[in-house]
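Asker: Below are the sequence and a predicted model; questions follow.
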Amino acid sequence: MPDVKNLGFGKYFSDHMFQLNYATSKGWHNGRITPYQPLAIDPAATVLHYGQALFEGMKCFRQTQGDLVLFRPEYNAMRLQNGADRLCMEAPPVEIMIEGIRQLVRVDQAWVPKERGSSLYLRPTLIGMEAFLGVRPASEYLFFVICSPVSSYYSEGADPIKIWVEDTFIRAAPGGLGATKAGANYAASLKAALVAKEKGYAQVLWQNVTHQSIEEVGTMNVFFVFENEIVTPALNGSILPGGVRDCVLKLLKHMGLPVTERELSMDEVRAAYQKGTLKEVFGTGTAAVISPVGELSSNSYKMVINEGVRGPIATELYNHITGIQYGEKEDIFGWVQKV
């Protein structure tokens, strides 16, 4: 078992994995938990040629009382179903997917870290397996789940990160795959992220195809806290409907704070910054939960947000969500499921 201080994110993997096969003639079959191992894939498999690859990201927590819980597994299962439909893939039924994950976690429960701030990250993945070079949906699929004990996603931990405002590359386009967790989306994002890191920034702020509207930050949804309004870009078909995004919207409304889902431009953000009405910026996602942004920069400007420190709303949201995950706060929304 790796030392929790050295976990990082996605570097280590537990002893077992869950696998489930699909064939048009058999439906879903052969569900099993096996040792963690390489997959046998035909060189002509559709995942290798036409990108039929879809995944989810979710977590299991060891609560302070000792219970193991999954955080909103049904949300991830339903999103996998929706993504599979877009990629013309077959997805396992929600109940089978969640039960397979539950059984896997029970087998590898020793891999769920005890320390607060750490968890067991789960990666459900769906790939096309049919060996066929014609361009059409596969008739055979493999669904599998692997587990990785993790701590902070970013090297900065809970500290604010520096973000480069991307004005050349885009991650998704209207009518495309941006609202799904298709592997192709992340391949498309790597170049801009690499360039940003070479400049000293943790990630990029993505804009739409015309670079007029803000969409996401890195691999997260993004929120802007203005003086009288909290804004997150509205789901438009190219923005991923994140599970933590949904949690934050529910919590902000529960807290009585004015939150809006709408189109938002960098011009509006810069104008608010110059007037002093931009108070906080933060990303939301399964890996980092709440990731405050301390700086937004491009070739023509630099904005230091909230003096580069974590703001009160990002702090409250992080504490509330992680408090529910670790069993320290009442789960009033029914977000956790015991393993």
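Answerer: That came through fine.

Asker: What segments of the stretch 101-250 of the chain are strands?
Answerer: Along the stretch 101-250 of the chain, counting by DSSP state E, counting those that start in this stretch, strands occupy 119-128, 140-150, 161-165, 203-207, 214-217, 221-226, 230-233.

Asker: Nearest to Q337, out of those?
Answerer: Nearest to Q337, of all these, is strand 119-128, at 12.6 Å by CB to CB. Heads up, the C-betas are built off the backbone N, CA and C, glycines and all.

Asker: That closest one pairs with which strands, and in what direction?
Answerer: Next to strand 119-128 in the sheet, as set by DSSP bridges, lie strand 53-55 (antiparallel), strand 58-62 (antiparallel), strand 140-150 (antiparallel).

Asker: Just after the second one, pick out the following helix or strand.
Answerer: Think strand 58-62. strand 68-71 (DSSP states H and E).

Asker: helices and strands around that next one, which ones?
Answerer: The contact analysis (3 or more CB pairs under 8 Å, 6 or more residues apart in numbering; DSSP states H and E) places strand 68-71 against strand 58-62, helix 94-107, strand 336-338.

Asker: rerun at 10 Å
Answerer: Using 3 or more CB pairs under 10 Å, 6 or more residues apart in numbering; DSSP states H and E as the contact test, the elements touching strand 68-71 are strand 58-62, helix 94-107, strand 119-128, helix 243-254, helix 312-325, strand 336-338.

Asker: so how far is the next helix or strand after it from its chain's centroid?
Answerer: Note on strand 68-71: by DSSP H and E, the next helix or strand toward the C-terminus is helix 73-86. The chain centroid and the centroid of helix 73-86 are separated by 13 Å under CA atoms, centre = their mean, to the nearest Å.

Asker: what is the orientation angle of helix 73-86 with strand 140-150?
Answerer: 140 degrees (axes from the mean of the first three to the mean of the last three CA atoms, to 10 degrees).

Asker: Give me the mean pLDDT for helix 73-86.
Answerer: For helix 73-86, mean pLDDT rounds to 97.

Asker: before we move on, the earlier item: using CSV, please lay out the strands paired with strand 119-128 together with distance to P113 and mean pLDDT.
Answerer: Listed next are the strands paired with strand 119-128 as CSV, based on distance: least, CB to CB, whole Å; pLDDT from 0 to 100:
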stretch, distance to P113, mean pLDDT
strand 53-55, 22, 98
strand 58-62, 7, 97
strand 140-150, 5, 98
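
Asker: Which residues belonging to the longest helix along the chain are considered buried?
Answerer: Looking across the chain with DSSP state H, the single longest helix is helix 183-198. When burial is assessed from 16 or more other CB atoms under 10 Å, helix 183-198 yields the following buried residues: G183, A184, N185, A188, S189, A192, A193, A196.
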